[in-house]
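Just the structure for this:
(2 chains)
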Amino acid sequence: MVETESVIETVFRQESGRIIATLIRIAGSFDLAEEAMQEAFASALATWPAKGIPENPAAWITAVAHRKLIDHGRRERTRREKQDPLLYETPTVQQPEANALFDTVTMQYPDDRLRLIFTCCHPALNQEAQVALTLRTLGGLTTPEIARAFLVPEATMAQRLVRAKRKIQDAHIPYEVPPRSQLKERLASVQEAIYLVFNEGYAATAGDCLVRRELCSEAIRLGRTLCDLLPAEPENLGLLALMLLHDSRRDARVDSHGRLVTLEEQDRKLWDQQRIGEGLALVDRALQMRASGSYQLQAAIAALHAQAQSPTETDWRQIAALYQELLRMAPSPVVALNHAVALAMGHSLEQGLKQIELLGASGGLEQYHLYHAARADILRRLGRREEAAAAYREALGQATNKVEQDYLRQRLSQVEQ
Amino acid sequence: MRYMLLIYTREDEQARASRQAMDQVREDHWAVMEETRAKGIFQGAEPLAPTTTATTVRRQNGKTVVTDGPFAETKEQLAGYYILECKDQDEAIAWAARIPTGCGGVEGCVEVRALRDLPARDHSEVRERQYSA
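Okay, here's the model as predicted:
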């Protein structure tokens, strides 16, 4: 019994995304598909312990859910026929086609996850909704799990999902892989949603640690799926590499007291070498495709950090060059700030400081605590302690994350001594 | 002169409206449509799906930016329109006053806008612009 349950759990975890993707295509409705899949899993729970686990569990679930959709379609038709047709102007639910599934035993039918991910991340849905829907359907997360991950009340998250599904239905957002001509733009919105999931799990060091960690794993899993589905898109590989390389440092970023540890001070022995190895290989593969993109560049930067055995071995000049390229491709004040820091580390502190202050003068970064923190850090390295202290205080005033505040306070006390 | 009568309602109130109130609204619409049709001034009228289905598309720096939702977040939302051929603004206003807007006791409004004729395309000008660009 216990064993069956764990098998079902594994099937759900690994296959529900693919199952639901197919069911949505057949049902033409997210809600109906979800309901049918839940019922099918309930059937599995009821019958597998006695009858044994089928050879292909996922195919079994899909077939049972498919039958439930057909039953539902039949019931709906009868119900409508009995009602006064004039009273019911509601659009008819799409009838599931009897032959919509081919070979359910070997799962030899098209993988619909690509349609699903493009529909979930359709730009006509707002990004919050895109992320929630992707995690719910493709990731198989429950609504309470998603709500917890994004620190919003469960009712808010449920409402967000309902709204998104209703818009897909009412505005007829297609359940299709976009045509070649739109693929690049649409893919960008998918990548953005996945990276947002990752950052939500990675950036905030506060909150429930376990939930955060799972969110990163989920984003990596989605990134892998995207690579499996569209392996010829180098930015997909770049995104996955970027997430793996960041995640490799997870255990080293925060010490046992929950304090932030900077890249420079991290114990590099704690870095996950398996993730790094996979990330580096992906970066190489992507770069060989010779179609540069911002995820690839960011991954290449992360790769240079990951390859340095110690902070002094970091190839800052190469990193500065990559930031320069990134700046050209996707200009933003934050990228410009990172470029300036790399210049300071790779060329000269004075030159980097000049660059940073130039950025500060052009505006847009005054409210950004990392701007002040970066400036403070270079001033500290230059031994200009009083100016550094002032900049750390400025950064402290802007920082909202407790872990970061603690770190800045510690730095401030160092330069004040 | 053709006028477009844009109907704004409060979707939130409409969602709370009773069955009877909605039936009444529908009846009133049918009455206006039948009368204007009989007079030969009816050119079209349609209700819109709610703003939850709205998507805004905008060209920005040569790129198409698609966003969820209507352009403006307002209390009242565009819910439908009429196009009527009226002799003047006053006639359009008179019809607008007959168009039901409210549901559940909360009134919306109708915006009356004269339609402009589409200016004829000056082909020589278009060509010139193409060459100078």
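
Give me the domain ranges for chain A.
A:2-82, A:112-230, A:235-310 (automatic domain parsing).

Could you list every helix and strand in contact with the helix or strand hosting A:Ile19?
Assigned by DSSP states H and E, A:Ile19 belongs to helix A:2-27. Applying 3 or more C-beta pairs under 8 Å, 6 or more residues apart in numbering or on different chains; DSSP states H and E, we find helix A:2-27 packed against helix A:30-51, helix A:57-82, helix A:113-120, helix A:127-137. Glycine gets a C-beta too; all of them are placed from N, C-alpha and C.

for those, which one sits closest to chain B?
The closest of the helices and strands packed on helix A:2-27 to chain B is helix A:127-137. By C-beta to the nearest C-beta, the value is 7.0 Å.

Run the angle between the closest one and helix A:30-51 for me.
Relative orientation of helix A:127-137 versus helix A:30-51 (axes from the mean of the first three to the mean of the last three C-alpha atoms, to 10 degrees): 20 degrees.

contacts for helix A:127-137?
The contact list for helix A:127-137 (C-beta atoms under 8 Å, 6 or more residues apart in numbering or on different chains) reads A:17, A:20-21, A:24, A:30, A:34, A:116-117, A:120-122, A:125, A:141-143, A:145-146, A:149-150, A:157, A:160-161, A:163-165, A:167, A:189, A:192-194, A:196-197, A:200, A:218, A:222, B:68.

Quick one, which of these are buried?
A:17, A:20-21, A:24, A:30, A:34, A:116-117, A:120-122, A:125, A:141, A:143, A:145-146, A:149-150, A:157, A:160-161, A:163-165, A:167, A:189, A:192-194, A:196-197, A:200, A:218, A:222, B:68 (16 or more other C-beta atoms under 10 Å in any protein chain shown).

what stretches of the chain score poorly on pLDDT?
You didn't pick a chain, so chain A it is. Applying pLDDT under 70 to chain A flags residues A:1, A:83-110, A:204-208, A:210.

actually chain B
Within chain B, the stretches with pLDDT under 70 are B:102-106, B:123-133.

cutoff 50 now
Within chain B, the ranges that satisfy pLDDT under 50 run B:133.

need the contact list for the closest residue to B:Gly69 other than its chain neighbours.
Among residues not flanking B:Gly69 along the chain, B:Ala54 sits closest, at 5.6 Å (C-beta to C-beta, 6 or more residues apart in numbering or on different chains). Neighbouring residues of B:Ala54 by C-beta under 8 Å, 6+ apart: A:Ala171, B:Asp68, B:Gly69, B:Pro70.

Is the last one within a helix or a strand, and which one?
If I follow you right, that is B:Pro70. Using DSSP H and E, B:Pro70 is not contained in any helix or strand.

Phi and psi next, for the nearest residue to it once chain neighbours are set aside.
With sequence-adjacent residues excluded and distances taken as C-beta to C-beta, 6+ apart, B:Pro70 is closest to B:Ala54, at 4.4 Å. B:Ala54 adopts backbone torsions of phi -80, psi 150, taken as degrees, to the nearest 10.

if I look at B:Ala54, how far off is A:Leu237?
36 Å (C-beta to C-beta, to the nearest Å).

again, but for A:Pro178
Counting by C-beta to C-beta, the separation of A:Pro178 from A:Leu237 is 20 Å.

ok, residue 4 - how many residues close by?
Because you didn't say which chain, this covers chain A. Neighbours of A:Thr4 under the rule other C-beta atoms under 10 Å in any protein chain shown: 16.

Not quite, go with chain B.
16.

I'd guess it is in a strand, am I close?
Yes. Counting by DSSP: H, G, I helix; E, B strand; the rest coil, B:Met4 is located in a strand.

re earlier: pipe the helices and strands packed on helix A:2-27 into CSV and attach distance to A:Val283 per row.
Below are these laid out as CSV (distance: least, C-beta to C-beta, whole Å):
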stretch, distance to A:Val283
helix A:30-51, 36
helix A:57-82, 32
helix A:113-120, 23
helix A:127-137, 25
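
To A:Tyr323, which of those helices lies closest?
Among those, the nearest to A:Tyr323 by C-beta to C-beta is helix A:127-137 (25.4 Å).

Show me what from the stretch 101-250 of chain A comes close to chain B.
Within the stretch 101-250 of chain A, the residues that sit near chain B (C-beta under 8 Å from any C-beta of the partner chain) are A:Pro123, A:Ala124, A:Leu125, A:Asn126, A:Ala129, A:Arg163, A:Arg166, A:Lys167, A:Asp170, A:Ala171, A:Glu185.

Show me which residues of chain B sit near chain A.
Residues of chain B found near chain A (C-beta under 8 Å from any C-beta) are B:Ala49, B:Pro50, B:Thr52, B:Thr53, B:Ala54, B:Thr55, B:Thr64, B:Val66, B:Thr67, B:Asp68, B:Gly69.

Give me the buried subset of the residues you listed.
B:Pro50, B:Thr52, B:Thr53, B:Ala54, B:Thr55, B:Thr67, B:Asp68, B:Gly69.

can you pull out the strands in chain B?
Under the criterion DSSP state E, chain B contains strands at B:2-9, B:42-47, B:55-60, B:63-68, B:77-85, B:109-114.

Contacts for the fifth one, please.
Read it as strand B:77-85. Contacts to strand B:77-85, defined as C-beta under 8 Å, 6+ apart, come from residues B:1-11, B:14, B:32, B:36, B:40-48, B:50-51, B:70, B:92, B:95, B:99, B:108, B:115.

quick one: it to strand B:42-47, angle?
Between strand B:77-85 and strand B:42-47, the angle comes out at 170 degrees (the same axes, to 10 degrees).

all helices of the stretch 201-350 of chain A, in order?
For the stretch 201-350 of chain A, the helices defined by DSSP state H, counting those that start in this stretch occupy A:209-229, A:234-247, A:250-253, A:273-288, A:294-307, A:316-329, A:333-346, A:349-361.

Just say which of the ones you listed is most tucked in.
Highest mean neighbour count among the helices of the stretch 201-350 of chain A (mean count of other C-beta atoms under 10 Å in any protein chain shown): helix A:234-247, with a mean of 27.
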